[in-house]
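*Asks:* got a predicted structure here, sequence first:
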Amino acid sequence: MIKHIFLKFHEKNEDYPHVASTMTAHENIAKLGISSQFVWGHMTTRVNQSGISAKPKIEIKNQLANGETTYVYFYSRIGEVLYRAELVDVYDNNESAVHDNDFQNLVPSYYRHLCGQTQITATNPSVIYAYFRVKNLELLAEGKVDVEDAAKRILHYDRGEPILTIKGMQALLYVSDQGVEQYLNQVAIAQVDSSVKKKKVIVVSSGIDDKETVYEGESANEEPTDGGTRVARKINHDEANKNKHSSGLIAERLVVDFEKENLQRNGREDLAMKVEHISQEHGDGDGYDILSYNLDESPKYIEVKGTKNKRNTQYFITSAEVRASEKYGDSYYIYRVFDLESDNPSIRIYKGDVNNHFNLTPYTYIAKQN
């Protein structure tokens, strides 16, 4: 079980009244710094406190060395916000790294002068006792209700209780993440689905014979459309784009709806109920986003690639997706969704091994020191 870090903070620090927002100051560093990184200095008024405890520090260092994603959660009770960032490294206040200019430039200027200070003095009533270098900060929730809902999935590492139910919380705690990502995905899906209205989608079938083009025809309650086009949905993108992965999620939910509606129109309500949004329920490792079905009950493994563009553009495809297309053959589909921000998105469908439809160019490399 991964050990994460939970930090309480104040949006406004009484020692720095000119700073309007603690988190905004750090976010501004991330916008200017390298790889969206900043350094969070955790302060104390205790004498002779240097760094976090040895045991959790070793565990966390080992997690980072093993490439395990380790989060730092930032919680402000007064500000009613909950943020999360990926931990890059953790430092004690007496380590040589904290004296480096490159390191200190990732600390907001208003308390940068404390970097390397280890002693409480009259001029420095508080010092930084631990530094957390993080990247990819994201706002998980704001407002009392939403923060509490999200934080229910963050458990005290040793007690196994929701973190906000722990009385007398310390400023720094170790936690486990029990489904925060899944919860956030469910919230995002609900936001997208709640803004969906029926609209028309143009479907262009490529590499599929007519017998298996199941998106043609008319529904009794819908207007006929040109060229065998079918029903899909309009999305309120202004609301949906608040989510970090909104474009991909919108495209996937559109296809989920599309598949279900097609099966229902053709009298297969039983199959429509079995359509699964795999990437949201199980993650991205399977090489496809959606499990659907043909009318003969054979499976359709669908990978969705969405774009706001109206025309075909290059896109990324993972090695897992390539392998899945080779494994499932004619049961594998690429649904390329175009013009996501319009009222009439279009879908182009490719069936079978992606090597038969696309020129694949290697893009990402793994670098290993000699």
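*Replies:* In hand now; what should we look at? Numbers count the residues shown, from 1 in each chain.

*Asks:* strands of the stretch 101-250 of the chain, start to end?
*Replies:* Applying DSSP state E, counting those that start in this stretch to the stretch 101-250 of the chain gives strands spanning 127-142, 154-156, 172-177, 197-206, 230-234.

*Asks:* distance between the third one and the chain's centre?
*Replies:* Its chain's C-alpha centre and that of strand 172-177 lie 19 Å apart, by Cα atoms, centre = their mean, to the nearest Å.

*Asks:* packing partners for that strand?
*Replies:* In this structure, strand 172-177 packs against strand 4-8, strand 154-156, with contacts taken as 3 or more Cβ pairs under 8 Å, 6 or more residues apart in numbering; DSSP states H and E. The C-beta positions use only the backbone N, C-alpha and C, and glycine is treated the same way.

*Asks:* and the angle for the longest one with strand 127-142?
*Replies:* Direction vectors for strand 4-8 and strand 127-142, defined by axes from the mean of the first three to the mean of the last three Cα atoms, to 10 degrees, enclose an angle of 100 degrees.

*Asks:* which residues does strand 4-8 contact?
*Replies:* 40, 42, 60, 70-77, 87, 90, 132, 154, 157, 163, 169-177 (Cβ atoms under 8 Å, 6 or more residues apart in numbering).

*Asks:* now with 7 Å?
*Replies:* Applying Cβ atoms under 7 Å, 6 or more residues apart in numbering, the external contacts of strand 4-8 come out as 42, 70-75, 87, 132, 154, 163, 169, 171-177.

*Asks:* CA atoms only for it - export them in PDB, please.
*Replies:* Extracted C-alpha coordinates of strand 4-8, given in PDB (Å, rounded to 0.1, in the frame of the first residue of the first chain):
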ATOM      1  CA  HIS A   4       1.100   9.400   0.700                       C
ATOM      2  CA  ILE A   5       1.500  12.700   2.500                       C
ATOM      3  CA  PHE A   6      -1.300  14.900   3.800                       C
ATOM      4  CA  LEU A   7      -0.500  18.600   4.700                       C
ATOM      5  CA  LYS A   8      -2.700  21.200   6.300                       C
END
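
*Asks:* mean confidence for it?
*Replies:* In this model, strand 4-8 has an average pLDDT of 95.

*Asks:* which is the next helix or strand following that strand?
*Replies:* Sequence-wise, the next helix or strand downstream of strand 4-8 (DSSP states H and E) is helix 22-32.

*Asks:* how far out from the middle of the chain is that following helix?
*Replies:* 20 Å.

*Asks:* what's the angle from that helix to strand 127-142?
*Replies:* Using the same axes, to 10 degrees: helix 22-32 against strand 127-142 is 90 degrees.

*Asks:* for helix 22-32, packing partners?
*Replies:* Judged by 3 or more Cβ pairs under 7 Å, 6 or more residues apart in numbering; DSSP states H and E, helix 22-32 is in contact with strand 37-44.

*Asks:* any chance of JSON lines for the helices and strands packed on strand 172-177, columns mean neighbour count and distance to Ile29?
*Replies:* Formatted as JSON lines, the helices and strands packed on strand 172-177 follow (neighbours: other Cβ atoms under 10 Å; distance: least, Cβ to Cβ, whole Å):
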{"stretch": "strand 4-8", "mean neighbour count": "22", "distance to Ile29": "16"}
{"stretch": "strand 154-156", "mean neighbour count": "22", "distance to Ile29": "25"}
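
*Asks:* Ser96: which of those strands is closest?
*Replies:* Ser96 sits nearest to strand 4-8 of all those, at 22.5 Å, using Cβ to Cβ.

*Asks:* paired strands for that closest one, with orientation please.
*Replies:* Paired neighbours of strand 4-8 in the sheet (DSSP bridges): strand 71-76 (parallel), strand 172-177 (antiparallel).

*Asks:* skipping adjacent residues, who's closest to Asn294 in space?
*Replies:* Lys300 (6.0 Å; Cβ to Cβ, 6 or more residues apart in numbering).

*Asks:* no no, Thr45
*Replies:* Ser126 (4.9 Å).

*Asks:* all helices of this structure, in order?
*Replies:* For the chain, applying DSSP state H gives helices covering 22-32, 54-65, 101-104, 144-151, 180-194, 237-240, 246-265, 269-272, 278-282, 319-328.

*Asks:* returning to what we had before: would you mind putting the helices and strands packed on strand 172-177 into JSON lines with distance to Val19 alongside?
*Replies:* Output for those, formatted as JSON lines (distance: least, Cβ to Cβ, whole Å):
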{"stretch": "strand 4-8", "distance to Val19": "17"}
{"stretch": "strand 154-156", "distance to Val19": "27"}
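
*Asks:* quick one, phi psi at the closest residue to Ser342 other than its chain neighbours?
*Replies:* The shortest distance from Ser342 to any non-neighbouring residue, by Cβ to Cβ, 6+ apart, is to Lys310 (7.7 Å). When read as degrees, to the nearest 10, the backbone of Lys310 gives phi -90, psi -20.

*Asks:* renumber starting at 41 from here on
*Replies:* All set: I'll call the first residue 41, so the last point we hit is now Lys350.

*Asks:* okay, now the domains of this protein?
*Replies:* Domains of the chain are assigned by automatic domain parsing as 44-218, 227-396.

*Asks:* could you tell me the least trusted of these?
*Replies:* Among those, domain 227-396 scores lowest, with a mean of 73.

*Asks:* tell me the bridge partners for the residue lying closest to Met209 once chain neighbours are set aside.
*Replies:* Excluding the flanking residues, the one nearest Met209 by Cβ to Cβ, 6+ apart is Lys48, at 6.6 Å. Beta-bridge pairing for Lys48 (DSSP bridges): Tyr115.
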